[in-house]
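Enquirer: A structural model of the following input is requested.
(one chain, ligands or ions: 1)
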Amino acid sequence: MNTPIRESDYLMPLKVAGLSFRNNFVVGSGPAVKTLDMIKAIERWGWGGASLKLTIDPTYISKPPRYRWLKKHKYHAFTAETRLTFEQGLRLMEKARKAVSELILYANMAYAGENGEDGWIRMAKKYEAAGAHVIELNMCCPNMSFNVESSGGQSRALSGASVGSRPDIVSKTAAAVQAAVGIPVFVKLTPEGGRIGEVAKACFDNAIVSVGSTGNRLAIPDFDINNPQHGICRLQEEPTLACFSGPWLKPLALRDVYEMRAKCTPENMVMGSGGIEKWTDAVQMMMCGADFVQICTAVMLKGPKILPKIVKGIKQFMQQKGYDGYRDMRDMVVPHITPTDRLTLYRGHARIDEQKCTGCALCADIGHCYAISMENKKAKINVDDCTGCSTCVDLCPVNAVSICQYEKIEQE
Ligand SMILES: Cc1cc2nc3c(=O)[nH]c(=O)nc-3n(C[C@H](O)[C@H](O)[C@H](O)COP(=O)(O)O)c2cc1C
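Expert: Just a heads-up that it's a prediction; the model follows:
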């Protein structure tokens with residue numbers, strides 16, 4: 001990397017719990033943050049923070065990495081992953097802290113032993129002594145005991161997503177760790193369990209500085225139906241539940257962030273991760289309530305050099321809109337998310353532009369609608385049968401279908 005990065009390429013400063021972040025972008029804990037060289041490159045490319053690869057103590061399910069990037073489906077799936085031992089994590093943190101000047105370093109850690117809170121506290125204190133700026137409690141990873149339990153196994157220790165959906169355990173543990181260290185404790189939660197908003201609120205009620213979501217979901221990746229007993233990963237025999245990330249995940253990750261934000265106060269700091277690749281994705285995250293944005297898969301696939309383009313896009317957007325900082329757009333969507341029983345809907349129907357219609361009949365084939373027929377190789381709408389659902393607009397390859405909108409439908 002020889003191209004010099006100018007401050008203007010990355011600077012969007014924010015201060016949280018006494019820490020000065022160059023911007024609110026953090027490389028999410030994962031394989032792109034596991035060596036000193038990687039961390040140095042992350043600093044050079046201007047990131048605000050880097051969450052070092054997870055340390056689990058005692059070491060628990062650490063295997064050679066097995067990944068697939070299914071670009072057609074836009075998801076990344078991993079089935080096995082190497083975790084740092086506690087010692088490796090501490091040594092990496094010590095070296096990283098000496099090597100960086102502006103990058104904020106997170107210690108992403110999980111305790112998986114039998115000493116409960118004491119185990120978490122012991123780890124956090126050692127990370128603080130090793131130079132971590134932030135302790136990031138990993139209450140999120142679905143690929144530890146949660147995977148084992150979900151695929152019929154028995155786990156010796158609950159870890160990651162298995163504990164992350166329990167507001168009582170998460171908030172109590174986090175509060176105990178926060179009381180024991182002098183650096184801020186951030187908690188990374190799981191959406192598995194469906195209670196992320198509640199868990200986030202319980203953390204904030206217990207004085208936690210920032211709460212975030214991993215976005216990751218455990219799922220079965222597409223497999224070869226001629227070889228169903230084999231997994232999709234190379235150098236791996238069996239199929240297994242895999243940990244999904246990447247663009248496919250973004251709509252779910254936006255929901256996670258919205259749910260956390262909707263349950264907490266404007267002062268609480270929320271982190272979102274899941275499927276962020278472009279500046280527009282990051283803006284959506286912020287509009288759904290995120291202060292911090294973590295990116296993992298896109299950095300794995302393209303390297304830390306993606307940041308300046310993202311920041312540039314956001315800055316240009318903010319300038320166009322007259323926003324002074326990201327806070328001006330944060331939460332913008334949140335108050336407008338409307339329960340489905342209170343949606344404002346309009347009467348209307350589809351209409352065809354005969355000049356554009358090529359007679360392909362895709363719209364006439366729609367299985368849930370018989371309002372469209374073909375006449376003289378042109379689509380025709382029977383307006384009385386059209387419900388205005390608009391699937392035909394999305395299916396038309398030449399934009400020949402549009403929607404006429406009439407008056408509001410009165411609420412029942
Ligand atoms: C291969 C891989 C390893 C990961 N390891 C960790 C980890 O050690 N700790 C953690 O908190 N999250 C981990 N994650 C989750 C990411 O940090 C991130 O939250 C998630 O993948 C969603 O964001 P993305 O779509 O940008 O990857 C990992 C993700 C991947 C793909």
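Enquirer: Okay, buried residues for the strand or helix carrying M318 please.
Expert: Counting by DSSP states H and E, the element that carries M318 is helix 307-321. Neighbour-count burial for helix 307-321, with 16 or more other CB atoms under 10 Å as criterion, is recorded at 307-308, 310-311, 313-315, 318. Every residue, glycine included, has its C-beta placed from N, CA and C.
Enquirer: Go ahead and measure how far it is from the middle of the chain.
Expert: Distance, stretch centre to chain centre, for helix 307-321: 20 Å (CA atoms, centre = their mean, to the nearest Å).
Enquirer: Can you show me the CA trace of stretch 403-412 as PDB?
Expert: C-alpha atoms of stretch 403-412 as PDB (Å, rounded to 0.1, in the frame of the first residue of the first chain):
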ATOM      1  CA  ILE A 403     -48.900   2.200 -10.800                       C
ATOM      2  CA  CYS A 404     -51.700   4.800 -10.800                       C
ATOM      3  CA  GLN A 405     -52.300   6.000  -7.300                       C
ATOM      4  CA  TYR A 406     -55.700   7.400  -6.100                       C
ATOM      5  CA  GLU A 407     -57.200   8.300  -2.700                       C
ATOM      6  CA  LYS A 408     -56.200   7.000   0.700                       C
ATOM      7  CA  ILE A 409     -57.800   3.800   2.000                       C
ATOM      8  CA  GLU A 410     -59.500   4.800   5.300                       C
ATOM      9  CA  GLN A 411     -58.300   2.800   8.300                       C
ATOM     10  CA  GLU A 412     -60.800   0.300   9.700                       C
END
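Enquirer: and for it, what are the contacting residues?
Expert: Stretch 403-412 has contacts (CB atoms under 8 Å, 6 or more residues apart in numbering) with 342, 344-351, 388, 390, 393.
Enquirer: Would you map the helices across the chain?
Expert: 7-10, 36-44, 86-99, 116-130, 145-150, 161-164, 167-180, 196-205, 250-262, 279-287, 297-302, 307-321, 391-395 (DSSP state H).
Enquirer: A99 is in contact with I39, correct?
Expert: Yes. I39 is within contact range of A99, at 6.8 Å (criterion: CB atoms under 8 Å).
Enquirer: Neighbour count for those two, which is higher?
Expert: Using other CB atoms under 10 Å as the criterion, I39 and A99 rank with I39 on top: 26 against 14.
Enquirer: can you tell me which residues contact the closest residue to the more buried one other than its chain neighbours?
Expert: Closest residue in space to I39, ignoring its immediate chain neighbours: A96 at 4.7 Å, by CB to CB, 6 or more residues apart in numbering. Contacts for A96 (CB under 8 Å, 6+ apart) come out as 36, 39, 50, 52, 105, 131.
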